[in-house]
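K.L.:
okay, here's the prediction I keep looking at, along with the sequence it came from:
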Amino acid sequence: MFECQESNNNDSSDLIFGLLPSFINQSSNYTIGGTISGLVKSELVLRNDSGEELQVASGARSFTFTTKVAGAYNITISTQPNGLPCTVSNGRGTATAKISNVTITCGSDGSLWTSRTLPTSVNWRSVAFGNGVFIAVAFGSNIATTSP
């Protein structure tokens, strides 16, 4: 909140330049969130640097922390679903805008899958293996997953 004070000095530049640092130094707060794939159990709990924990429901495809962050952030898994390993990608960084690219990937087959976006939607489904990597493509989607 800004407050104006009367001054005997007729030079308004003092007032203007006196207010500028408060505009420049204001830090913005941004929400942190992203996508989830492969979550078939409800025991997943995510945690951010501020200590907020987020219980994620089975089948959830996205999440957003309610605590807003200014500056550095670090999203971790506080509780893994029993028998379903999950990983965090893009979970650490510096927030200079809304963050929506954190990816939580869960896999029950022992492989950790990474979700990737294809340039266009595909109308076929397949799993291929090459160079030590599995690639799975969903029917009618622009999402593919790879392991590792």
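P.N.:
Done, it's in.

K.L.:
quick check: domain ranges of this protein?
P.N.:
As assigned by automatic domain parsing, the chain contains the domains 27-107, 113-148.

K.L.:
mean pLDDT lowest for which of the ones you listed?
P.N.:
Lowest mean pLDDT within the domains of the chain: domain 113-148, a mean of 61.

K.L.:
buried set for stretch 85-104?
P.N.:
Pro85, Cys86, Thr87, Val88, Ser89, Gly91, Gly93, Ala95, Ile99, Val102, Thr103, Ile104 (16 or more other Cβ atoms under 10 Å). From N, CA and C alone the C-beta is placed, and that goes for glycine too.

K.L.:
likewise for stretch 44-52?
P.N.:
Here stretch 44-52 shows Leu44, Leu46, Arg47, Asn48, Asp49 as buried, counting by 16+ other Cβ under 10 Å.

K.L.:
quote the end-to-end distance of it.
P.N.:
End-to-end distance for stretch 44-52: 14 Å, by Cα to Cα, to the nearest Å.

K.L.:
go on, stretch 82-91?
P.N.:
22 Å.

K.L.:
with stretch 76-91 instead?
P.N.:
End-to-end span of stretch 76-91 (Cα to Cα): 7 Å.

K.L.:
all strands of this structure, in order?
P.N.:
32-37, 45-47, 53-55, 62-64, 71-74, 76-79, 86-89, 92-95, 99-106, 114-122, 126-130, 133-137, 141-147 (DSSP state E).
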